[in-house]
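In: Just to be clear, the model below is a prediction. Sequence and coordinates:
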Amino acid sequence: MAQKYPSSRTVNARLHRLAGQLQAIEKMTVSRRPCAEVLYQISAVRSGLEQVAAIIFEIELQRCARKKKMLPSDVASLTHAFTKIR
């Protein structure tokens, strides 16, 4: 049986917040806000998406580790590597 994300509420809350930020960016472009402000918000959304990806990656990696009997240190090392290559 596939494991549900134990932090699905966290992931969904983050995605909901990001959707709101995207809507705000759209409004900013329509109202011709300064480019720097728009780019700052885009950077925030990008960072938020990377955080969501890292959470999902770590959960999946832990699931795989349980099946393959990986050491917790291996999981931590791979998770750290993932966050560095983003």
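Out: That came through, no problem.

In: hey, where'd the helices end up in this structure?
Out: For the chain, the helices defined by DSSP state H cover 8-30, 35-68, 72-85.

In: Any chance of these in a markdown table with mean pLDDT as columns?
Out: Compiled in a markdown table, these are given as follows (pLDDT from 0 to 100):
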| stretch | mean pLDDT |
| --- | --- |
| helix 8-30 | 94 |
| helix 35-68 | 86 |
| helix 72-85 | 75 |
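
In: residue closest to the middle of the protein?
Out: Residue closest to the average C-alpha location in the chain (Cα atoms, centre = their mean): residue 52, at 1.7 Å.

In: In contact with the spatially closest residue to that residue that is not a sequence neighbour: list those residues for me.
Out: Distance criterion Cβ to Cβ, 6 or more residues apart in numbering; nearest residue to residue 52, sequence neighbours excluded, is residue 14 at 5.1 Å. In short, each C-beta sits where N, CA and C put it, glycine included. Going by Cβ atoms under 8 Å, 6 or more residues apart in numbering, residue 14 touches 48, 51-52, 55.

In: what do you get for residue 49?
Out: Residue 49 neighbours (Cβ under 8 Å, 6+ apart): residue 18.
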